[in-house]
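K.L.:
Okay, sequence plus prediction incoming.
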Amino acid sequence: MFRVNQESRQYETYILEDSDSQNRVEIVPERGGIVTQWQVQGRELLYLDHERFTHPELTVRGGIPILFPICGNLPGDTYTHNGQQYTLKPVVLNVNERVEKGD
């Protein structure tokens with residue numbers, strides 16, 4: 001069964017999990033949008049330096065950055081492109097929407 005959970009840790013963490021296949025991904029939007037854990041059939045596939053990850057002033061080593069518009073944290077949650085400044089605070093729109101297998 002596939003499900004999406006949200007946990008309040010040091011950073012808000014979203015967990016996408018399929019218990020039938022033992023696959024799991026954890027995503028942390030607050031640290032620039034990064035996959036911090038990836039398990040396939042219960043086996044961890046991803047390296048993450050957990051000590052550095054706990055310090056927001058340090059770069060993250062490991063994980064998988066989600067690249068939009070750039071990977072990593074945005075100072076002040078702002079991004080400037082061609083002279084236009086955008087506020088881009090990471091937001092998760094809906095974790096309660098049901099997702100069918102194959103979608």
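P.N.:
In hand now; what should we look at? Numbers count the residues shown, from 1 in each chain.

K.L.:
from the chain's centre, how far out does stretch 3-18 sit?
P.N.:
Here stretch 3-18 is found 9 Å from its chain centre; the criterion is Cα atoms, centre = their mean, to the nearest Å.

K.L.:
tell me the average confidence for stretch 42-60?
P.N.:
Confidence for stretch 42-60, expressed as mean pLDDT, is 91.

K.L.:
Do me a favour and get the end-to-end distance for it?
P.N.:
24 Å (Cα to Cα, to the nearest Å).

K.L.:
got the contact list for it?
P.N.:
10, 22, 31-32, 34-39, 61-64, 72-73 (Cβ atoms under 8 Å, 6 or more residues apart in numbering). Bear in mind the C-beta positions are built from the backbone N, C-alpha and C, glycine included.

K.L.:
if you set the cut-off to 6 Å instead, what comes out?
P.N.:
Residues from elsewhere that reach stretch 42-60, judged by Cβ atoms under 6 Å, 6 or more residues apart in numbering: 22, 36, 38, 61-63.
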